[in-house]
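Chemist: Sequence and predicted structure, then a few things I'm wondering about:
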Amino acid sequence: MMQAVIFDMDGTLIDSEPMWKEAEKQVFSSVGVEVTDEHSSKTASMTTREVTEFWYNLFPWLDKSLDQVESEVVDHVAKLISVEGTPMGGVKEILEFFHNKKFKIGLSTNAPSRLIPVVLEKLNIAHYFHATSSSEHEIKGKPDPAVYLSIAKKLNVEPSKCIAFEDSISGVISANKANMKTVVVPPILEFADEKYEMSYIKLRRLSEFSDVHLAKIANNTQ
């Protein structure tokens, strides 16, 4: 019997990937980094600290610490989210679906923890969540399973009784390693990419998830 559902944040609940790109481009460019699309595509699923280290290793800067630059990026993203943030399709519907079924609801993200309330308040969905976790407080971010194991512990539910919703492969790997059943909603342009087959269920939008999918997951759980 499944008891909890856990959502990734960026790209799953909120359409924030363009905001991260914009913030990173602005902040890293200001310290002399040549931000290219080619390199940016490699950083999409990293933690903010990993992204900062990635660019520093390519274009070391002198005037600011890594902590300062990382903090500037997060501040910029927070500002963009609070002004422009919009939910991914079907967010309210999927949260209502699981709320009505008395599931515990959690959030598990590679983003810094101070962005979590910014997103939840902007989307007006904070009241649905029983617990949240950020890989900022783990030794490693996704694809390591630590942040998913932490949220299961906070929710007091066995990982095998949790469903994880993700939009990225690193997130799917993270939840799979934590022994959770994964549902992926990939970026539309990548929907047909075979790599997403490693997720238990693949959907075009969150609100497609139904009792049929829940039964499929339940029947496959020992």
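Modeler: That came in fine, so what should we check first?
Chemist: so where is the protein shaky, pLDDT-wise?
Modeler: Low-confidence segments of the chain (pLDDT under 70): 221-222.
Chemist: And it, what are its domain boundaries?
Modeler: The chain breaks down by automatic domain parsing into domains covering 4-15+86-219, 17-84.
Chemist: starting at the chain centroid, how far to the shortest one?
Modeler: In this case it means domain 17-84. Chain-centre distance of domain 17-84: 17 Å, with CA atoms, centre = their mean, to the nearest Å.
Chemist: Can you give me the end-to-end span of it?
Modeler: The straight-line separation of the ends of domain 17-84 (CA to CA, to the nearest Å) is 12 Å.
Chemist: Also the first one?
Modeler: Across its full length, domain 4-15+86-219 reaches 16 Å end to end, with CA to CA as the criterion.
Chemist: Equivalent analysis for stretch 98-105, please.
Modeler: Stretch 98-105 has an end-to-end distance of 8 Å (CA to CA).
Chemist: starting at the chain centroid, how far to that stretch?
Modeler: Centroid separation for stretch 98-105 versus its chain: 20 Å, with CA atoms, centre = their mean.
Chemist: Mind putting the domains of the chain into JSON lines with mean neighbour count?
Modeler: To be clear about C-beta, it is placed using only N, CA and C from the backbone, and glycine gets the same treatment. Listed next are those as JSON lines, based on neighbours: other CB atoms under 10 Å:
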{"stretch": "domain 4-15+86-219", "mean neighbour count": "19"}
{"stretch": "domain 17-84", "mean neighbour count": "16"}
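Chemist: Please name the residues that touch residue 66.
Modeler: 49, 52-53, 56 (CB atoms under 8 Å, 6 or more residues apart in numbering).
Chemist: for residue 145, same thing?
Modeler: Contacts for residue 145 were tallied using CB under 8 Å, 6+ apart; they are 174-175, 177-178.
Chemist: Phi first, then psi, for it.
Modeler: phi -80, psi 0 (degrees, to the nearest 10).
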